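[1] Quick one, what's the 3D model for this:
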Amino acid sequence: QVQLVESGGGLVQAGGSLRLSCAASGRTFSSSTMGWFRQAPGKEREFVAAIYWGGGLTSYADPVKGRFTISRDNAKNTVYLQMNSLKPEDTAVYHCGTKSGWVRFYSDASYEYWGQGTQVTVSS
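    Numbering: from 1, shown residues only. The predicted structure follows:
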C-alpha cells in the first residue's frame, strides 16, 4: 500500500525558509510524479511544484518560481520542497501526492495517493 508522510511544516516569519519532506513507500516510484499542492483556508487546492522521479523533470507554479525548489533523494525515497523567501500568502496546508507518469502533473485530480498534509504559516 502506498504511503506518503509529510513533515517539516511550521511557523516562520516572512522572508524565512522551511524545508518540507515527503517520505514515500509501498511501490517503486521510478515512473511516478511527485507533486506538492497547497490549500489555504477558503480556497481550492492549488499546484505548487512537481518532479518526475525517474528523470528529475521539474515544474513550478508561477507564484513560487525562483523561491521554491523541489528535489528527490532516491536512496531515501523522499521528495523535498525547499521554500525560501516565504511570504504570508504562502500560508496553507501543503500536501504531497503521487501519480503514474508526468501527464497532467499540475492537476490534483490526476493524483492517486496523498499524504495527510503539513501546515505552513508565514507571519508578516
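[2] got the buried residues for stretch 25-35?
    29, 32-35 (16 or more other C-beta atoms under 10 Å). Bear in mind the C-beta positions are built from the backbone N, C-alpha and C, glycine included.
[3] just stretch 70-87 next, same as before
    Neighbour counts over stretch 70-87 (16+ other C-beta under 10 Å) mark 70, 72, 77-81, 83, 86 as buried.
[4] next one: stretch 88-95
    Going by neighbour count (16+ other C-beta under 10 Å), the buried part of stretch 88-95 is 90-95.
[5] End to end on it, go ahead and measure it.
    Terminal residues of stretch 88-95 are spaced 18 Å apart (C-alpha to C-alpha, to the nearest Å).
[6] Which ones among the buried residues of stretch 88-95 lie within strands?
    The strands, defined by DSSP state E, take in 92-95 from the buried residues of stretch 88-95.
[7] Looking at these, which one is closest to Gln3?
    His95 (13.5 Å; C-beta to C-beta).
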